[in-house]
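J.: Here's my sequence, what's the structure:
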Amino acid sequence: MGMISKCPPIPSLLLLTVSLLLRLHLISAADNTNLVYKGCAEQKLEDPSGIYSQNLQALMTSLVGQSGQKPFSSTTSGDNQNAIMGLYQCRGDLTNSDCYNCVSKIPNLLDKLCGKVAAARVQLVGCNMRYEIVGFKQIPETQLLYRVCGKKVKGSELEERRETAFGMVVSGVKTGGNLFYTGSYQSLYVLGQCEGDLDSADCGDCVKSAEDQAKVQCRNSISAQIHLHRCYISYSFYPNGVPRISSSSSSSESGTGQQHTQKTVALAVGGFAALGFLIACLLFVKSVFRKRSNKY
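T.: Numbers count the residues shown, from 1 in each chain. Have a look, this model is predicted:
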């Protein structure tokens, strides 16, 4: 008689499934709060009276509180010359809970990484926050703040696919309603997002500028992140399919954007596989009980 594959008992199956889903959630949550980059003004925050510190604390408290309700918010704390403007932005595919968990990590990081300065920004994988004292010198919306490029490949295959995918991002952020787009084209995964107070046309222009930077700065790279002042894009190309998550550390040149996309895609594939296994086992159990019921 041939061997018959059996599913584990129902309690074990449920425990296994819950454990797997919890592990996937913890990996994803940790990934969202990984540091991408920081930007700290050289100008120190002169604050003999302590008023700036009070306003900054109030600003952070307000932004963190709002992050549990919506993916973007900007506000000002203080009056006149003592005022400080700040905002946060969460990635468009995060839940309100994940957005809060991400944003709530930033205030301590801002103080730790930059100290008391006139303007600062911290970008995590899933969110960012920035502030500046009112009157601080403004920079162009499309100024390049940070980039990271993956390893180079030869041939025009990547460039052709990237060109098509970039067009999808520009169209997506302009028509999607939340200035965010993520998608794929022939194994090339792309993501783009703008700050929440841009209009759709300006968002499209900003993303287009980021794409132009990617073509120049990261030509022939299989992955890249390009962060401008008011928007950013990232892409990762997997010509041989999405790789498995490795326990070893990734190469520094692959960049955080590639790591995140690998984990996102791999977790999605693993999640669907686990769900399929669970459904199959439940159907098996149901069939066994039906046969036993008919027998007796």
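
J.: going forward, measure contacts between C-alpha atoms and count neighbours the same way
T.: OK.

J.: is it fair to say Asp111 lies in a helix?
T.: Yes - according to DSSP: H, G, I helix; E, B strand; the rest coil, Asp111 belongs to a helix.

J.: That one: neighbour count?
T.: Neighbour count for Asp111, taken as other CA atoms under 10 Å: 12.

J.: Next: Gln54.
T.: 13.

J.: what's the answer for Gln143, then?
T.: Neighbours of Gln143 under the rule other CA under 10 Å: 15.

J.: Just the pLDDT for it.
T.: At Gln143, the model reports a pLDDT of 95.

J.: And for Ser12?
T.: pLDDT at Ser12 comes out at 48.

J.: All the helices of the stretch 1-150 of the chain, in order from the start?
T.: Secondary structure of the stretch 1-150 of the chain, counting by DSSP state H, counting those that start in this stretch: helices at 10-32, 51-66, 96-103, 106-114.

J.: Show me what the last one is packed up against.
T.: I take that to be helix 106-114. Helices and strands touching helix 106-114, by 3 or more CA pairs under 8 Å, 6 or more residues apart in numbering; DSSP states H and E, are strand 35-40, strand 119-124.

J.: Please, where are all the helices along the stretch 151-296 of the chain?
T.: Taking DSSP H, counting those that start in this stretch as the criterion, the stretch 151-296 of the chain carries its helices at 157-175, 200-217, 255-295.

J.: among those, which gets the worst mean confidence?
T.: Looking at the helices of the stretch 151-296 of the chain, the bottom one is helix 255-295 with a mean of 43.

J.: Could you find the closest non-adjacent residue to Ser223?
T.: In space, and not counting its chain neighbours, Ser223 is closest to Ser236: 4.2 Å by CA to CA, 6 or more residues apart in numbering.

J.: and if you look at Leu59?
T.: Leaving aside its sequence neighbours, Leu59 sits nearest to Ser77 (CA to CA, 6+ apart; 5.5 Å).

J.: residue contacts, that neighbour?
T.: Going by CA atoms under 8 Å, 6 or more residues apart in numbering, Ser77 touches Asn55, Leu56, Ala58, Leu59, Ala83, Ile84, Met85.

J.: go with 7 Å
T.: Applying CA atoms under 7 Å, 6 or more residues apart in numbering, we find Ser77 in contact with Asn55, Ala58, Leu59, Ala83, Ile84, Met85.

J.: Next: Gln81.
T.: Gln81 sits in contact with Val134, where contact means CA under 7 Å, 6+ apart.

J.: how about 6 Å then?
T.: Residues counted as contacts of Gln81 (CA atoms under 6 Å, 6 or more residues apart in numbering): none.

J.: Next one: it, what pLDDT does it get?
T.: On the pLDDT scale, Gln81 gets 87.

J.: repeat for Leu24
T.: Value for Leu24, per-residue pLDDT: 40.

J.: now Tyr131
T.: Reported pLDDT for Tyr131: 97.

J.: Tell me what it is bridged to.
T.: For Tyr131, the beta-bridge partners are Gly86, Ala120 (DSSP bridges).

J.: Quick check: it vs His227, distance?
T.: For Tyr131, the distance to His227 equals 17 Å [CA to CA, to the nearest Å].

J.: Of the contacts of Ser77, which qualify as buried by neighbour count?
T.: The neighbour count (16 or more other CA atoms under 10 Å) marks Asn55, Leu59, Ala83, Ile84, Met85 as buried among the contacts of Ser77.
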